[in-house]
Structures are given as C-alpha cells and as structure tokens.
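Peer 1: Predicted model, plus sequence, below.
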Amino acid sequence: MGRRVRTEVLGADHVARAEARSGPLDAEFQRFITEVAWGSVWARAGLDRRTRSLVTIAILAALGRREELALHLRATRNTGVAPAAVAEALLHVAAYAGIPAANTAFAVAKTELEPAAPAGRGRRRPGSRSER
C-alpha cells in the first residue's frame with residue numbers, strides 16, 4: 001500500500017527515480033519511508049490527503065527542509081492543494097515558527113508553484129528591493 005500512496009502523491013517519476021538511486025546503503029531507509037510514512041501515516045483515514053499535504057508543507061517549512069519542501073509543493077498538483085492554501089499555511093508558519101522560515105518557504109513555493117517569468121523578464125521591478 002505504501003508504494004501506491006507514495007506514487008499517487010509524489011508521482012510515478014519521482015518514485016521511480018528514488019528507487020533507481022537506492023543502493024545497499026539506503027535500501028532499508030527507502031523501505032522504511034515507504035512502509036512508515038506512506039503505508040502507515042499517509043494511508044490513515046483520519047485526515048484527507050489535502051490536509052496531510054498542508055501539514056507536511058508547514059512542518060517542512062518550519063524545519064527549513066528546502067528539498068523536501070519543494071518535493072511536497074510539487075505534489076500539491078496531486079493532492080488538490082491550491083497555491084492560495086499553501087500561502088495561508090506559510091503565513092501560519094510565519095506566526096508559529098518564525099518569519100525567516102516562512103520567507104525561505106515562500107521563496108521555494110514561488111519557484112515551484114508560480115509560472116516562470118518570460119525570458120528576459122524577472123518577477124521584480126528594476127530597482128526594487130530584494131526579497132527578505
């Protein structure tokens with residue numbers, strides 16, 4: 001069940017890449033992730049996937065886990081979480097885990113969730129202050 005849930009949330013390509021990269025050193029860890037995180041926690045009936053996705057995003061943002069955060073932000077396409085809901089969760093992170101954690105998370109979210117700016121055009125106006 002864990003592999004199925006992991007694939008439904010993160011996508012078949014991600015799961016295939018993770019399995020292909022797995023070797024003798026981390027094979028047990030990959031099995032653990034699949035069984036515990038995906039087969040036990042994500043498969044529980046107590047929260048729907050949208051809610052689990054938002055909780056996961058908030059925790060990863062609070063902990064400053066950029067790579068995992070980016071992965072779970074991309075997974076929102078599969079869990080039904082709208083970018084506006086992500087922004088609300090990250091505002092919550094700012095209040096409870098700190099503005100620097102939320103600032104970093106918003107930067108990652110912008111990269112993962114906003115369409116790319118046309119070539120030669122950035123998101124900021126010339127002369128505007130950089131993000132904090």
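Peer 2: Sure, I can see it. Bear in mind that the values here come from a model prediction, so they are computed numbers and not experimental data.

Peer 1: Show me which positions of the host helix or strand of residue 89 end up buried.
Peer 2: If you go by DSSP states H and E, residue 89 is part of helix 83-97. For helix 83-97, a neighbour-count test (16 or more other CB atoms under 10 Å) marks 85, 86, 89, 90, 93, 94, 97 as buried. Using the backbone N, CA and C atoms, a C-beta is placed for each residue, glycine as well.

Peer 1: likewise stretch 75-83?
Peer 2: Buried residues in stretch 75-83 (16+ other CB under 10 Å): 75, 76, 79, 81.

Peer 1: quick one: the strands in this protein?
Peer 2: In the chain, no segments count as strands under DSSP state E.

Peer 1: got the domain boundaries for this structure?
Peer 2: Annotated domains of the chain cover 1-44, 47-116 [automatic domain parsing].

Peer 1: so which of these is the most packed in?
Peer 2: domain 47-116 (a mean of 17; mean count of other CB atoms under 10 Å).

Peer 1: Confirm for me that residue 66 is in contact with residue 104.
Peer 2: Yes - counting by CB atoms under 8 Å, residue 104 is a contact partner of residue 66 at 6.8 Å.
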